[in-house]
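Participant: Curious how this folds, go ahead:
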Amino acid sequence: MSSAVDDESLLLVAARAGDEAAFAALWSTAQRQAFGVCYHLTENRADALDALQDTQLAAWKGLATFEGKAPFRAWVLAIARNAARAVVRRRAPMGTIFDEVGEESVVTEPFEDTVAELTDLRRALATVPDSHREALLLWAGGLTYEQVGATLQVPLNTVKVWIHRARQRLQAELGAA
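Facilitator: Prediction:
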């Protein structure tokens with residue numbers, strides 16, 4: 001039985017050779033978390049989807065340059081972070097007026113409670129320094145501390161401190177809400 005690393009290596013070889021199905025299989029391992037990173041950095045669904053599309057295109061075009069020092073997913077999340085930042089930079093100063101609501105959304109609690117919780121979380125996340133917030137979001141998205149360090153290009157202990165401080169700040173902010 002082959003390991004996930006071996007499977008990823010085989011998919012990478014096939015994708016680099018132009019196999020779109022292999023790329024789709026690789027992309028499926030990172031797409032959801034990449035969207036999460038894009039959404040949290042852009043703060044709205046439309047911009048997040050733009051950044052996600054930019055991420056997918058950049059990943060496809062950049063396969064030849066992917067060195068494989070980190071897992072494919074970590075590499076994609078770094079691309080997503082950069083794509084989301086680019087979308088925010090080119091966004092109109094006033095932002096978008098309307099934020100799309102996907103048809104797949106399911107309301108499981110009163111709308112007001114959901115809005116209040118999201119507002120509190122966004123407000124709390126906004127108080128966290130950018131580097132700490134990015135580390136926390138990548139870690140919360142499923143990356144290990146080592147993968148977060150590789151993605152952000154910082155030492156492992158720095159990642160641990162940033163995530164710890166971000167969590168403390170969120171707990172303090174959300175506890176006060």
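
Participant: Tell me the helix or strand right after the least confident helix or strand in the chain by mean pLDDT.
Facilitator: None of the helices or strands of the chain scores lower by mean pLDDT, DSSP states H and E than helix 111-126, at a mean of 70. Heading C-terminal from helix 111-126, the first helix or strand you meet, by DSSP states H and E, is helix 130-140.

Participant: what angle do the next helix or strand after that following helix and helix 130-140 make?
Facilitator: Of the helices and strands lying after helix 130-140 in sequence (DSSP H and E), the nearest is helix 145-152. Calculated by axes from the mean of the first three to the mean of the last three CA atoms, to 10 degrees, helix 145-152 forms an angle of 130 degrees with helix 130-140.

Participant: Please state the offset of helix 145-152 from the chain centre?
Facilitator: How far helix 145-152 lies from its chain's middle: 13 Å, per CA atoms, centre = their mean, to the nearest Å.

Participant: Can you name the next helix or strand after it?
Facilitator: helix 156-176.

Participant: give the contact list for the residue most central in space within the chain.
Facilitator: The C-alpha lying nearest the average C-alpha coordinate of the chain belongs to V37 (CA atoms, centre = their mean; 2.3 Å). Taking CB atoms under 8 Å, 6 or more residues apart in numbering, we find V37 in contact with L77, A80, R81, A84, E134, L137, L138, G141. C-beta: built from backbone N, CA, C; applies to glycine.

Participant: what pLDDT does it get?
Facilitator: V37 is assigned 89 on the pLDDT scale.

Participant: Name the nearest residue to it, sequence neighbours excluded.
Facilitator: Closest residue in space to V37, ignoring its immediate chain neighbours: A80 at 4.5 Å, by CB to CB, 6 or more residues apart in numbering.

Participant: Show me how the record splits this structure into domains.
Facilitator: Annotated domains of the chain cover 1-99, 106-177 [automatic domain parsing].

Participant: just checking, which of those domains comes out with the lowest mean pLDDT?
Facilitator: domain 106-177 (a mean of 80).

Participant: chain center to that one, what's the gap?
Facilitator: 11 Å.

Participant: Which of the three states applies to the residue nearest to the centre of the chain?
Facilitator: helix (DSSP: H, G, I helix; E, B strand; the rest coil).

Participant: measure it to A172 for me?
Facilitator: 24 Å (CB to CB, to the nearest Å).

Participant: ok, now W60?
Facilitator: Distance from W60 to A172, by CB to CB: 41 Å.

Participant: related to what we said a few turns ago, okay but the residue nearest to V37 is in contact with T55, surely?
Facilitator: Yes. Assessed by CB atoms under 8 Å, A80 is found in contact with T55 at 4.4 Å.

Participant: Kindly provide the distance from the residue nearest to V37 to G149.
Facilitator: Applying CB to CB, the value for A80 to G149 is 17 Å.
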